[in-house]
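> take a look and give me a structure for this.
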Amino acid sequence: MIKTGAAQSATEDSFAAGKEAAEKAIAQAGGKADLLVVFSTVNYNQEEMIKGVNFVAKNALVVGCCGLRGIFGSKGIERGVAVMAILSDQIHFKAGLGLNVKEDSFGAGQKLAKEAVNQDTKALMIFMDAVGVNGSAVVRGILDGSKKNLPIIGGMASDASTFTKTYEYHKGEVLIDVVVGVAMSGKVSFGIGVQHGWQSVGLPVTVTKSEGSIIQEIDNQPAVKFFEDYFGQEEAKQLYKPLSRICYVYPLGMSVEGSDELLIRIAFVANEKGELVCAGEIPQGSQIRLMLGDTEKAIKAARDAAQKAKEQLSGKQAKAVFVFDCAARFMLLGKRVDEEIKAVAEVFGENVPLVGFYTYGEQAPIGGDIGQNCSSMFHNETMTLMVIGE
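Predicted coordinates:
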């Protein structure tokens, strides 16, 4: 048996918003819940908002994070709290926590895995800090501390595009500088969709020097010259300001061994050395291409991701949908941003509860593969989602 409910509140008061959203979600799930997944926009007092959730949570496990924009039903939320409640006698939920994720991203991922994941774990949902964190290393740490083909789904928390402070929720507490996870074991039916919709432009080039998420040289030239060659020196100066339009309209596509999919990376700022600071690792020797973002293709990719996730349920009924969408896609789509969420919601039907948020980076299996060849990775500018079914 799985019962679910989702609700949102845009009440001005932080405590009241958390309480109202959680209360309504729990009521829809039959009056109690085993798990509450909470997404709050950053314009609330986070501690007061979680107090409101905790006031009605009872014995439910409370996890989640903040975002610059939430997702509920078929549209985005500029200000509000969205809560998904799940009650089940066939799924077991176990929370894990990795501390000091900024200082040791890999180690934090390892600790989370060892605390939450066991051999019976079918999937892991995570929420991590975004400020100064190596998201790729977190994912590698989780896989190192658990099993290589573990399906991981989740997102980096986001703030109001300032990259200064994000908040994560673990067992009803508001924390920073952590990665939170909830492992799902038992009889778990789920599907994962992962699509970006970007198209490659031009020929591949080689990252000849890099360190972590910083590309220092491309084809033995200062990395920023790659963009200068395409757009000219004057236009490429945009890159010296974080998250300029050139960043999210023209991300980088990285080849991944064993996959035809290109992994998206945003070069979100260039430093004084002409290096490109990315939101995820691009190892030295990687083949990359310039990618082009397109509104219509982005919306189609979202629909395709939802369709693939639904197909993975093998005919089982969808009961809950979690969406982790990139903040850069929000910027790219502009006034049409809600069309992407609507496309996802239409695949599952208006009666299936759906919540999510806009991230600073997504975690999901490449290509949405959840079988023996599952390879969970860190993504940018990608629509990722998970559906739980029965």
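
> can you pull out the helices in the stretch 201-350 of the chain?
In the stretch 201-350 of the chain, the helices defined using DSSP state H, counting those that start in this stretch lie at 225-231, 233-236, 245-249, 295-311, 327-333, 337-348.

> quick one, which of the ones you listed is nearest to T166?
Checking the helices of the stretch 201-350 of the chain against T166 by C-beta to C-beta gives helix 327-333 as the closest, at 11.5 Å. For glycine as for every other residue, the C-beta is placed from the backbone atoms N, C-alpha and C.

> how about residues contacting the closest one?
The contact list for helix 327-333 (C-beta atoms under 8 Å, 6 or more residues apart in numbering) reads 68-69, 76, 158, 161, 243, 245, 247-249, 251, 266, 293, 295, 298-299, 337, 339-340, 358-360, 380-383.

> list only those of those flagged as buried.
Neighbour-count burial within the contacts of helix 327-333 applies to 68-69, 76, 158, 243, 247-249, 251, 266, 293, 295, 298-299, 337, 339-340, 358-360, 380-383; the criterion is 16 or more other C-beta atoms under 10 Å.

> so the residue nearest to the spatial centre of the chain: helix, strand or coil?
Central residue of the chain (C-alpha atoms, centre = their mean): G155, 2.3 Å from the mean position. Judged by DSSP: H, G, I helix; E, B strand; the rest coil, the three-state class of G155 is strand.

> excluding sequence neighbours, find me the nearest residue to it.
Spatial nearest neighbour of G155, chain neighbours left out: T359 (3.2 Å); criterion: C-beta to C-beta, 6 or more residues apart in numbering.

> ok, now which ones touch that neighbour?
By C-beta under 8 Å, 6+ apart, the contact list for T359 reads G67, A130, G155, M156, A157, S158, F324, D325, C326, A327.

> for D229, see how far away it is.
The gap separating T359 from D229 is 30 Å, by C-beta to C-beta, to the nearest Å.

> and if you look at D120?
Look at D120 and D229: by C-beta to C-beta, they are 51 Å apart.

> same thing with A95?
Taken as C-beta to C-beta, the span from A95 to D229 is 48 Å.

> picking up where we left off before, farthest pair within the contacts of T359?
A130 and D325 (14.5 Å).

> look at those two and report which has more neighbours.
Here A130 and D325 are compared on neighbour count by other C-beta atoms under 10 Å; more neighbours surround D325, at 30 against 25.

> surely the more buried one touches N380?
No. At 11.4 Å, D325 does not count as touching N380 under the criterion of C-beta atoms under 8 Å.

> so what's the residue nearest to G155 bridging to?
Bridge pairing for T359 (DSSP bridges) gives the partners C326.

> now do it, the pLDDT please.
pLDDT, T359: 97.

> where does pLDDT dip in the stretch 201-350 of the chain?
Within the stretch 201-350 of the chain, not a single segment meets pLDDT under 70.

> which residues does the residue nearest to K308 when sequence neighbours are not counted contact?
Excluding the flanking residues, the one nearest K308 by C-beta to C-beta, 6+ apart is G193, at 4.7 Å. The neighbourhood of G193, defined by C-beta under 8 Å, 6+ apart, consists of 304-310, 368, 383-387.

> what's the answer for Q284, then?
V207, T208, K209, S210.

> L35: which of these is nearest?
Closest to L35, out of all of the contacts of Q284 and judged by C-beta to C-beta, is S210, at 38.7 Å.

> ok, that closest one touching P283?
Yes. Using C-beta under 8 Å, S210 is in contact with P283, at 6.5 Å.

> which one's more surrounded, these two?
Legend: neighbour count by other C-beta under 10 Å for S210 and P283, higher for S210 (21 against 11).

> who does that one bridge with?
Beta-bridge partners for S210, by DSSP bridges, are I215.

> how far away is L61 from L124?
Between L61 and L124 the computed distance is 14 Å (C-beta to C-beta).

> same question, P242
30 Å.

> show me how the chain divides into domains.
With domains defined by automatic domain parsing, the chain comprises 2-195+297-389, 199-292.
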